[in-house]
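Participant: Got a predicted structure plus its sequence, pasted below:
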Amino acid sequence: MPGIESANPFYYVAREELPQLPPPTSQRGFGGWMRTNLFATPRDTVLSIVVLLLLVWMIPPMVQWLFIDAVWTGEGREACLGPDVGACWAFVEAKFGQFIYGRYPLEERWRVDLTAVLLIIGLVPIAIPSVPYKRENAIYLLVVFPILAFILLTGQFGLVPVETSRWGGLLVTLVVAIVGIVVSFPFGILLALGRRSNLPIVKTLSVVFIEFWRGVPLITVLFMSSVMLPLFLPENVTFDKLLRALIGVALFASAYMAEVVRGGLQAIPKGQYEASDAMGITYWQGMRLIILPQALKLVIPGIVNTFIGLFKDTSLVLIIGIFDLLGIVQQNFTDPNWITPVTPATGLIFAAFVYFIFCFSMSRYSVFMERRLDTGHRS
């Protein structure tokens, strides 16, 4: 009523928007971040202090050994000898070419560099979501680039032939990892679909394949592919040692990829499958357009984890005489010109750093894709 409203000076409904106040000082800036993430509870405070003391104890000697007392230039082992000598980066500098190319001929290493450039040309556009022509990029990466890489690396159409036995270093690591990833991803999807198939023969074959390869260590797989595979081939048919390793790694990774994808398929609600059937489309259309996009989005962490594990497992090819990055680094420890107490540690740290760069990059990209594809759940 008008009379009551004019007589009552207090109102419970604001007639204008109040100004926004800044957050409390205890929650702002670096201090607020530390209070929230490191000192929120007494237990967090104790753990944070313990970790901080460990870092203070460990980091200064590491920096001293890795950088301050390190030897950066030198022509031989004499430069890295001494009681107070740190890391021998001169050894890494001297052997850097072998670490990257193996025993690939010096005058032909431009072909490896050109192959890497061609890979980056196709990989960068397809990895950036805003770049168009994804289908064309995929065709280039999956069809055109493998042909060009095979011609350049092995030596075809007038190029000097280079046997795979002369390959090594990071070149072999990337070849084994990329081939394993590219082959295992689609093959693993087919195996996952086969394991969930209603056809008894298809399901049985898929289950037997997956369980067999998952139940055998990768070292055994590499021995089988290197020693036993030629026994099942005709006498006039021979497989290159690297090609046999690629086949074994691809089959091994496919079994693990199949289980990751199957987890994603089982996480999709049954209503999505029923909706796909109700639309009157074929099985493969429903999987391609409805089911698989949702399933693969759910298991991005598992897929990338499998890729990272595969990349690190490439070091096992040394067992069958293929010198990848780690194998080449270890092989150069026996070089008389560089035998010092600090050479092995320096070489292994360099190899670990290279592995970390690739694995961390894959991990960060997977986090980016998770956030981009995360559409939440709507009721």
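Facilitator: Looks like it came in fine.

Participant: Could I get the full set of helices for the stretch 1-150 of the chain?
Facilitator: 2-7, 29-37, 42-63, 89-101, 109-127, 134-139, 145-154 (DSSP state H, counting those that start in this stretch).

Participant: Let me have those in TSV, adding mean neighbour count and mean pLDDT as columns.
Facilitator: Backbone N, C-alpha and C define where each C-beta goes, glycine included. Listed next are those as TSV, based on neighbours: other C-beta atoms under 10 Å; pLDDT from 0 to 100:
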stretch	mean neighbour count	mean pLDDT
helix 2-7	7	50
helix 29-37	12	81
helix 42-63	11	94
helix 89-101	20	96
helix 109-127	15	96
helix 134-139	13	93
helix 145-154	16	96
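
Participant: nearest to residue 354, of those?
Facilitator: helix 89-101 (8.1 Å; C-beta to C-beta).

Participant: What residues of the lengthiest helix in the chain count as buried?
Facilitator: If you go by DSSP state H, the chain has its longest helix at helix 343-373. Buried residues in helix 343-373, counted by 16 or more other C-beta atoms under 10 Å: 343-344, 346-347, 349-351, 354-355, 358-359, 362, 366, 369.

Participant: Same check on stretch 304-313?
Facilitator: Within stretch 304-313, the residues that count as buried by 16+ other C-beta under 10 Å are 304, 305, 306, 307, 308, 310, 311, 313.

Participant: gap between that stretch and the chain center?
Facilitator: Distance of stretch 304-313 from its chain centroid, counting by C-alpha atoms, centre = their mean, to the nearest Å, is 5 Å.

Participant: ditto for stretch 29-40
Facilitator: 32 Å.

Participant: what do you get for stretch 218-232?
Facilitator: Its chain's C-alpha centre and that of stretch 218-232 lie 25 Å apart, by C-alpha atoms, centre = their mean.

Participant: mind checking how far the residue lying closest to residue 329 once chain neighbours are set aside is from residue 354?
Facilitator: Residue nearest to residue 329 in three dimensions, not counting chain neighbours: residue 347, with 4.4 Å by C-beta to C-beta, 6 or more residues apart in numbering. As defined by C-beta to C-beta, to the nearest Å, residue 347 lies at a distance of 11 Å from residue 354.

Participant: what touches both of these two?
Facilitator: Counting by C-beta atoms under 8 Å, 6 or more residues apart in numbering, no residue touches both residue 347 and residue 354.

Participant: Residue 222 touches residue 246, doesn't it?
Facilitator: No - in this structure, residue 222 is not within contact of residue 246 by C-beta atoms under 8 Å, at 10.5 Å.

Participant: Residues that sit against both of the two, list them.
Facilitator: Between them, residue 222 and residue 246 share no contacting residue, judged by C-beta under 8 Å, 6+ apart.

Participant: quick revisit: tell me which of the helices of the stretch 1-150 of the chain lies nearest to residue 265.
Facilitator: helix 134-139 (22.5 Å).

Participant: what's the closest one packed up against?
Facilitator: Applying 3 or more C-beta pairs under 8 Å, 6 or more residues apart in numbering; DSSP states H and E, we find helix 134-139 packed against helix 109-127.

Participant: low-scoring pLDDT stretches of the stretch 151-300 of the chain, where are they?
Facilitator: The stretch 151-300 of the chain contains no residues with pLDDT under 70.

Participant: show me where it has strands.
Facilitator: Per DSSP state E, counting those that start in this stretch, the stretch 151-300 of the chain carries no strands over any range.

Participant: For it, just list every one of the helices.
Facilitator: 170-195, 200-214, 218-223, 241-267, 270-278, 283-286, 292-298, 300-313.

Participant: does residue 179 really touch residue 250, like I thought?
Facilitator: Yes - the criterion here is C-beta under 8 Å, and residue 179 meets it with residue 250 at 6.4 Å.

Participant: how about the residue nearest the centre of the chain, what does it touch?
Facilitator: Central residue of the chain (C-alpha atoms, centre = their mean): residue 308, 3.6 Å from the mean position. Contact analysis of residue 308 by C-beta under 8 Å, 6+ apart lists 359, 362, 363.
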